[in-house]
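Enquirer: Predicted coordinates and the sequence they were generated for:
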Amino acid sequence: MTQPFVIGLTGSIGMGKSTTAAMFRECGVPVWDADAAVHRMYSVGGSAVAGIAAIYPDAVIDDAVSRYALKSWISADKTALKQIESVVHPLLVADRSEFLNNSASDIVVLDMPLLFEMNLDSLVNHIVVVSAPADVQRARVLERGSMTEDQFEMILAKQLPDGEKRKRADDVIETISLEAAKASVVRILADIQKGLKNA
């Protein structure tokens, strides 16, 4: 079976990526969500539980991985993140491959927040960056109440700046208005479908 046409969806925290991914789903496009995959792996019976328990037993509570415990470990130990990634990344690669190999759709979306940072752009045919002005982004993240300003700044520092992501994108979806974002999703899909028909 031929591989589907792969859209890589990315964007910094608070840019509206999850909302945009949902819009692709509403248009009938299957979406693989990296964050959701990690969440599954950390849940009871998840594929990452044993691996995390082996490197940091305190992070596994009631047979599931505690993200809070991992955050505390990362704050206290500079080597923690690398150790966690050594468990999680191979599992993510396998999960993503399974999604691509089992998809019956012509077009799929890989929702990957760290598409550029992890050099995963070679996996996709078309890169869509979700973006919003910096003040809107900051307000959205801090309104959630799950993150302090310092944590937000720390995450931003690890990610490629929005301006750089926009430069490397095939398409940029502005998420200031839901209507405009949805119109962009519909247009992008129409353009890709037209290109596939003419290929």
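Expert: Cool, got the structure. Residues are numbered from 1 along each chain as shown.

Enquirer: pLDDT of stretch 102-113, averaged?
Expert: Here the mean pLDDT over stretch 102-113 is 95, rounded to a whole number.

Enquirer: who touches that stretch?
Expert: Identification of contacts with stretch 102-113 by Cβ atoms under 8 Å, 6 or more residues apart in numbering yields 4-13, 17-18, 21, 24, 28-35, 96, 99-100, 118, 120, 123-124, 159, 189, 192-193, 196. C-beta: built from backbone N, CA, C; applies to glycine.

Enquirer: Only the buried subset of the residues you listed, as a PyMOL command please.
Expert: This is how PyMOL selects the buried members of these, with burial counted by 16 or more other Cβ atoms under 10 Å:
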select buried, resi 4+5+6+7+8+9+10+11+12+13+17+18+21+24+29+30+31+32+33+34+96+99+120+123+124+159+189+192
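
Enquirer: In helices, which of the contacts of stretch 102-113 appear?
Expert: Residues from these lying in helices, with DSSP state H as the criterion: 17-18, 21, 24, 34-35, 96, 99-100, 189, 192-193, 196.

Enquirer: just those now: which is nearest residue 138?
Expert: Of all the ones in helices among the contacts of stretch 102-113, residue 17 has the smallest distance to residue 138: 15.6 Å, by Cβ to Cβ.

Enquirer: Report the contact partners of that closest one.
Expert: 9, 10, 11, 111, 113, 130.

Enquirer: what residues go with each domain of the chain?
Expert: The record's domain parsing of the chain by automatic domain parsing lists 1-30+107-199, 34-102.

Enquirer: how far does the shortest one sit from the chain's center?
Expert: In other words, domain 34-102. From the chain centre to the centre of domain 34-102 is a distance of 15 Å (Cα atoms, centre = their mean, to the nearest Å).

Enquirer: so what does the helix or strand of the chain with the lowest mean pLDDT touch, helix or strand wise?
Expert: In the chain, the helix or strand scored least confidently by mean pLDDT, DSSP states H and E is helix 149-158, which has a mean of 84. Other helices and strands packing on helix 149-158, by 3 or more Cβ pairs under 8 Å, 6 or more residues apart in numbering; DSSP states H and E, are helix 134-143.

Enquirer: Pull out the buried positions in stretch 39-56.
Expert: If you call a residue buried by 16+ other Cβ under 10 Å, then stretch 39-56 has these buried ones: 41, 42, 46, 47, 48, 49, 51, 52, 56.

Enquirer: With pLDDT as extra columns, can I get the residues you listed in JSON lines?
Expert: Formatted as JSON lines, the entries for these read as follows, by pLDDT from 0 to 100:
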{"residue": "41", "pLDDT": "97"}
{"residue": "42", "pLDDT": "97"}
{"residue": "46", "pLDDT": "96"}
{"residue": "47", "pLDDT": "97"}
{"residue": "48", "pLDDT": "97"}
{"residue": "49", "pLDDT": "97"}
{"residue": "51", "pLDDT": "97"}
{"residue": "52", "pLDDT": "97"}
{"residue": "56", "pLDDT": "96"}
